[in-house]
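Undergrad: sharing a sequence plus its predicted fold:
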Amino acid sequence: MLDENAYRDTYNSVNPLQCVFERAILRRCCGCQQTIRRNIAEREAAGCLSANAHALCTELKKQMRHAAAFTLKLTHPDAPLPHGKQLKLQCGGLLGIAQLMGENELTEVADIYAALSAAIEKYGCLEQLPYQEIIQAIRAYEPRSHRK
């Protein structure tokens, strides 16, 4: 049995910049050129190679979470999200951004950082992204069901 505190300490020491979209990366609905994957004990982790990319993704996730609060039925906006809602926010939101860039019928985003960079180039900044369109993708995203 793994001591959870020891795992957390090891995780933080080998993965100092935890990928903001780690759940999407590990679920394999998204990939990213800035991601490094690590195995810690029997678990997998995703880290970010760039402090600038990490800061950009952190701000994007904050903006998406704020915009999608009603859609995700958040009663306490700052409370931690359950796993399913995290997946809807991360995978759905990133798929929505890729769709803004003309990618249709996507089931995964090949490169989060490239899609985000292209969106910023097109719209000017994160605050100018059309979050109402992104929210539609968040609402529509359904994590795959567990196999029986």
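TA: Noted; the coordinates are in hand. Since we're looking at a predicted model, the values are computed, not measured.
Undergrad: so who does the closest residue to residue 111 other than its chain neighbours touch?
TA: Excluding the flanking residues, the one nearest residue 111 by Cβ to Cβ, 6 or more residues apart in numbering is residue 33, at 5.3 Å. (Each C-beta comes from the backbone N, C-alpha and C, glycine too.) By Cβ atoms under 8 Å, 6 or more residues apart in numbering, the contact list for residue 33 reads 111, 113-114.
Undergrad: now, of the residues you listed, which are buried?
TA: Buried by 16 or more other Cβ atoms under 10 Å: 111, 113-114, out of these.
Undergrad: quick check: of the residues you listed, which lies closest to residue 3?
TA: residue 113 (34.3 Å; Cβ to Cβ).
Undergrad: can you tell me the element the residue nearest to residue 111 falls in?
TA: Following DSSP states H and E, there is no helix or strand that holds residue 33.
Undergrad: equivalent analysis for the one 3 residues further on, please.
TA: With secondary structure defined by DSSP H and E, residue 36 is part of strand 35-40.
Undergrad: so how far is that strand from its chain's centroid?
TA: How far strand 35-40 lies from its chain's middle: 16 Å, per Cα atoms, centre = their mean, to the nearest Å.
Undergrad: show me what that strand is packed against.
TA: Helices and strands touching strand 35-40, by 3 or more Cβ pairs under 8 Å, 6 or more residues apart in numbering; DSSP states H and E, are helix 4-14, strand 43-48.
Undergrad: in the longest one, what's buried?
TA: The reference is to helix 4-14. For helix 4-14, the neighbour count (16+ other Cβ under 10 Å) marks residue 11 as buried.
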